[in-house]
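> what's the 3D shape of this:
(2 chains)
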Amino acid sequence: MKSDKSILLVEDDLVDMMSVKRALRDLNVTNPLYHVNNGEEALEWLNDPANPKPSIILLDLNMPRMNGIELLAILKKSENFRRIPVIVLTTSRGELDKVQSFDLGAAGYMIKPVDFLQFVEVMRTSRIYWTLSELPE
Amino acid sequence: MLNGFYLPTAEPDLTTDAWGTVFSSYAPVSNSRGETVGIVGVDLDAGQLSSRIMTLKILYLLVLILTFVLALAAASLAAFSRDQSFRKVRENEEYLKTIMQSIQTGVLIIEAETHVITDINPKALELIGASRDEVIGRPCHRFVCPAEAGRCPITDLNQKIDNAERVLIDIYGQKIPIIENVKNVTLQGKRLLIESLVDIRERKKMEEQNAQLIRDLEIANTELQDFAYIVSHDLKAPLRAIGSLSQWLYSDYRDKFDDEGKSQIDLLVNRVNRMQNLIEGILEYSRVGRVREQKDHVSLDRLVRETSDNLSIPPGISVTIDTPLPEVFYEETRLGQVIANLVGNAAKYMGKPAGEIHIACVREGEFWKLSVKDNGPGIDSRHFDKIFHVFQTLQPRDKIESTGIELSIAKKIVEMNGGRIWVESEPGKGSIFYVTLPISPQEEEVQK
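Down below sits the predicted model:
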């Protein structure tokens, strides 16, 4: 992933948002990070032509108004957004959440560890993968 | 008549002299010309005569007596046998009556032709709430049976009523749930319906209570599942925040923390992790019952080896398989969890850097008995039950970091699959944990 490509974080918890920011900072990831609070805000943000099209979306599942699964279903039906890799970033170990996410074409499913250092490791692994993986323009 | 002599009849004369009573009779004997030629007389000793008569009389009397006695005997015999059969009938009647009266099943006798109730026992009367007079002679339909006339389930609709759940209508029109049996019989040329009824109001009430209980349980279970989900999401998120923020506090303000502050932050992070493990433990424990896996043929040998390898057991502790391990029909992931928890616990609580864990399996009747033996510190027998309870540990958590959920999960899995789990141990002599795995019929087939 080129460093000018942006990342969209869809996350309602402030500390979790801070965790992602800190982890990326600790990993020296300089890509611009945009943050929205739920699925509805994410759609608004994506549909606003003033905003850049993100190269990757980090998606929490459990959110108010429109949750991650609902947003994922809409994104994968959309001609514009269906090719953006979505990495689910959640607390849920529920089998149903995993199955639904992959059924809807999620690119990955990461569980947020309690320990921040472990979380940094999760982010590091994700980053290595997406740095190596080719993405459509 | 004597040789041409005419012997006229003479009145016999009875005289009594000193010699006794003489019965004598005389008659003149005349010839054909009418001349008397002599006298013929007969003297009979009355004594002799009377003794003959007496004999006759006695004989006659004897015959009479005999006849009388015989007649009497015959009569009394007849009376006796009549008496006997009367008594038998009476006894039979009493026998039947007693049964009808005391049987705790309602009995109704109904004429099939007319549907008129001809007999009823007290239990049936009690059920209907009527007196005998109110019932006898009345038709059964719409009175005790909800069916319309002409729609009798037995005679018109040809239904068989064998232990059928039906309703009885009592005198107040109330419907009483009953178990009914009707038998069609022909007695003395009459077709009769013999109905027996058992009141099942109590049972119905119990059934309803049970159904309610099941509904309540289902609600409680759903709530519990929801609770587990809430725990996973809503408690873990702030917990994670606490953990992260304390780590950031430390890393961002490192120069402002002294050693005391640093160790407090360490403790804080440690407790956050412990709470995280407890929450995960609760979730895992609840998941064992909710998420069932398909049973499959599992090689216990492979599973034990794989599981032990994944446990990252300290190098000083050896895991040995002592006997050949069979193939079992089980939920593989769950069985792996049981093995991981038993072997993991044996390693975790070894209490010394070097130790031995031995795994063996023997067949015991319908079960495989799997054992995990260690040469660790052993367990006092008073703790044998306690260690299988949720979150019970024998060591302070600061000494050995553990939730104590492992054995509870193992117990839940084993018992849900029809087996048992227990421990045999003595302090200082190590412990053996036993698990029984039922041998299923399919497995039996595979073995053959």
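> Can you pull the residues of chain B lying near chain A?
Within chain B, the residues that sit near chain A (C-beta under 8 Å from any C-beta of the partner chain) are B:229, B:232-233, B:236-237, B:239-241, B:243-245, B:247-248, B:269, B:272-273, B:276, B:283, B:291. For every residue, glycine as well, the C-beta is placed using N, CA and C.
> at 6 Å what do you get?
B:233, B:236, B:237, B:240, B:241, B:243, B:244, B:247, B:276 (C-beta under 6 Å from any C-beta of the partner chain).
> and the longest helix for the chain?
Because you didn't say which chain, this covers chain A. helix A:116-132 (DSSP state H).
> actually chain B
Chain B, longest helix under DSSP H: helix B:46-102.
> buried ones in stretch B:184-202?
Within stretch B:184-202, the residues that count as buried by 16 or more other C-beta atoms under 10 Å in any protein chain shown are B:192, B:193, B:195, B:196, B:197, B:198, B:199, B:200.
> and the fourth one, which of the three is it?
This points to residue B:196. strand (DSSP: H, G, I helix; E, B strand; the rest coil).
> where's it relative to chain A, distance?
54 Å (C-beta to the nearest C-beta, to the nearest Å).
> Repeat that for the second one.
Counting by C-beta to the nearest C-beta, the gap between residue B:193 and chain A amounts to 58 Å.
> Ok, residue B:75 next?
98 Å.
> Same check on residue B:117?
If you go by C-beta to the nearest C-beta, the gap between residue B:117 and chain A works out to 62 Å.
> The helix or strand containing that residue - which strands sit beside it in the sheet, and in what orientation?
Using DSSP states H and E, residue B:117 maps to strand B:117-120. With DSSP bridges as the test, strand B:117-120 is paired with strand B:106-111 (antiparallel).
> Need the contact partners of the strand it pairs with.
B:117-121, B:123-124, B:127, B:140, B:192-193, B:195-197 (C-beta atoms under 6 Å, 6 or more residues apart in numbering or on different chains).
> can you check stretch B:343-353 too?
B:308, B:311, B:313, B:316, B:317, B:357, B:372, B:374, B:376, B:377, B:406.
> Could you pull up phi and psi at the nearest residue in space to residue B:191 that is not next to it in sequence?
Once flanking residues are discounted, residue B:191 sits nearest to residue B:112: 3.7 Å by C-beta to C-beta, 6 or more residues apart in numbering or on different chains. Main-chain torsions, residue B:112, degrees, to the nearest 10: phi -60, psi -40.
> For residue 4, report the pLDDT, please.
Going with chain A. At residue A:4, the model reports a pLDDT of 70.
> that's the other chain; I wanted chain B
44.
> mind checking how far residue A:34 is from chain B?
From residue A:34 to chain B the distance is 21 Å (C-beta to the nearest C-beta).
> what about the closest residue to chain B within chain A, which helix or strand?
Relative to chain B, the nearest point of chain A is residue A:15 (3.7 Å; C-beta to the nearest C-beta). Assigned by DSSP H and E, residue A:15 belongs to helix A:14-26.
> So which bits of chain A are right by chain B?
Counting by C-beta under 6 Å from any C-beta, chain A sits next to chain B at A:13, A:15, A:19, A:62, A:91, A:114, A:116.
> What is the neighbour count of the closest residue to the fifth one other than its chain neighbours?
Read it as residue A:91. Nearest residue to residue A:91, sequence neighbours excluded (C-beta to C-beta, 6+ apart): residue B:236, at 5.0 Å. For residue B:236, the number of neighbouring residues by other C-beta atoms under 10 Å in any protein chain shown comes to 20.
> and what of residue B:326?
If we define neighbours as other C-beta under 10 Å, then residue B:326 has 19 of them.
> centre of the chain versus the lowest-mean-pLDDT helix or strand in chain A, how much separation?
Sorting the helices and strands of chain A by mean pLDDT, DSSP states H and E puts helix A:116-132 at the bottom, at a mean of 83. Offset of helix A:116-132 from its chain centre (C-alpha atoms, centre = their mean, to the nearest Å): 13 Å.
> tell me the angle of that helix relative to helix A:14-26?
60 degrees (axes from the mean of the first three to the mean of the last three C-alpha atoms, to 10 degrees).
> list the buried ones in helix A:116-132?
A:116, A:119, A:120, A:122, A:123, A:126, A:127, A:130.
> Just flag the most distant two among these.
A:116 and A:130 (20.8 Å; C-beta to C-beta).
> Next, the buried residues of the host helix or strand of the residue nearest to residue A:91.
Assessed by DSSP H and E, residue B:236 sits inside helix B:236-252. Neighbour-count burial for helix B:236-252, counted by 16+ other C-beta under 10 Å, picks out B:236, B:237, B:239, B:240, B:241, B:242, B:243, B:244, B:245, B:246, B:247, B:250.
> give the contact list for the third one.
Each residue near residue B:239 by C-beta under 6 Å, 6+ apart is listed here: B:272, B:275.
> still on that earlier bit, let me see the mean pLDDT of the strand holding residue B:117.
The pLDDT scores in strand B:117-120 average 90.
> Give me the distance from that strand to the chain's centre.
31 Å.
> Next one: the residue most central in space within chain A relative to residue A:64, how far apart?
Per C-alpha atoms, centre = their mean, the C-alpha nearest to the average position across chain A is that of residue A:58, at 0.6 Å. Using C-beta to C-beta, to the nearest Å, residue A:58 is found at 18 Å from residue A:64.
> before we move on, what about residue B:420?
Relative to residue A:64, and taking C-beta to C-beta, residue B:420 is found at 47 Å.
> Of those two, which one has the most company?
residue B:420 (14 against 10).
> ok, and the closest non-adjacent residue to the more buried one?
residue B:436 (4.9 Å).
> Can you classify that neighbour by secondary structure?
strand.
> what about it, how many neighbours?
19.
> do the same with residue B:157
So residue B:157, with other C-beta under 10 Å, has 10 neighbours.
> any idea of the angle the longest helix of chain B forms with strand B:106-111?
Using the same axes, to 10 degrees, the direction of helix B:46-102 lies 110 degrees away from that of strand B:106-111.
> pLDDT wise, what is the residue nearest to residue A:91 at?
79.
> Residue B:49 now?
66.
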